[in-house]
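K.L.:
Sharing a model prediction with you, sequence too.
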Amino acid sequence: MINSVKTTHKGYNEPLKTIHKGYNECLKTIRKDYADFLNEYGFTQDFVDTILNMNTVDDNDPKSLLEIRDSLIEGKGMFAIRDIEKNEYIAMGRVNGERVLAGRYINHAPDPNAIFVLMSNGDLFVQAKCSILKDTEVTIDYRQAGKVNGYNKTT
């Protein structure tokens, strides 16, 4: 049930569902920033949906610190299965040119708790920008993801 999912925003490790006053405002901020991202890069939602529906490989990453759950931000998201330290490896995002589960299901936030790191072989991994508490949704700024994937702003 979606109401039992913990999600954070603005770098807080306090679950959104416990921030009663600002909860709706946080979600509005995330969604507005996502719309701004689409505009800045000249993307349409149809283009993003096409990318999302491309093949995703289940990499069975044994080192992954994430699991897929319902997200309060949008659809499904990736959540920490234990506390994660700043700069710690979280999961692979792309392996051998194939997007893997973390690369598919990490949602956008304007002030995310993780980044994609491009490796010399072209693979991507997810790294914590700050400490992340267990059960917190791991997010990235799609602008940063766009940069490491070779996309440039149009505005």
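P.N.:
Structure received.

K.L.:
Stretch 104-122: end-to-end distance?
P.N.:
Stretch 104-122 stretches 17 Å from its first residue to its last (Cα to Cα, to the nearest Å).

K.L.:
residues contacting residue 129?
P.N.:
For residue 129, the set of contacting residues under the criterion of Cβ atoms under 8 Å, 6 or more residues apart in numbering consists of 11, 86, 112-115. C-betas here are computed from N, CA, C, even on glycine.

K.L.:
Model confidence score at it, please.
P.N.:
Per-residue confidence at residue 129 stands at 96 (pLDDT).

K.L.:
now do residue 58
P.N.:
The pLDDT attached to residue 58 in the predicted structure is 72.

K.L.:
Chain neighbours aside, what residue packs nearest to it?
P.N.:
With Cβ to Cβ, 6 or more residues apart in numbering as the measure, residue 101 is the residue that lies nearest to residue 58, at 6.1 Å, once sequence neighbours are left out.

K.L.:
pretty sure that neighbour contacts residue 76?
P.N.:
No. In this structure, residue 101 is not within contact of residue 76 by Cβ atoms under 8 Å, at 9.8 Å.

K.L.:
that older thread, which one among the contacts of residue 129 gets closest to residue 139?
P.N.:
When the contacts of residue 129 are compared for distance to residue 139, the smallest value, 4.2 Å, is given by residue 112; criterion: Cβ to Cβ.

K.L.:
Who are the contact partners of the closest one?
P.N.:
Taking Cβ under 8 Å, 6+ apart as the contact definition, residue 112 lies against 129, 139-141, 144.

K.L.:
Could you check how far the longest strand belonging to the chain is from the centre of its chain?
P.N.:
Across the chain, the strand with the greatest residue count (assigned by DSSP state E) is strand 89-95. How far strand 89-95 lies from its chain's middle: 12 Å, per Cα atoms, centre = their mean, to the nearest Å.

K.L.:
and what of stretch 26-37?
P.N.:
In terms of Cα atoms, centre = their mean, the centre of stretch 26-37 is set 13 Å apart from its chain centre.

K.L.:
Equivalent analysis for stretch 92-103, please.
P.N.:
13 Å.

K.L.:
cool, stretch 116-135 as well?
P.N.:
For stretch 116-135 - counting by Cα atoms, centre = their mean - the centre lies 10 Å from the chain centre.
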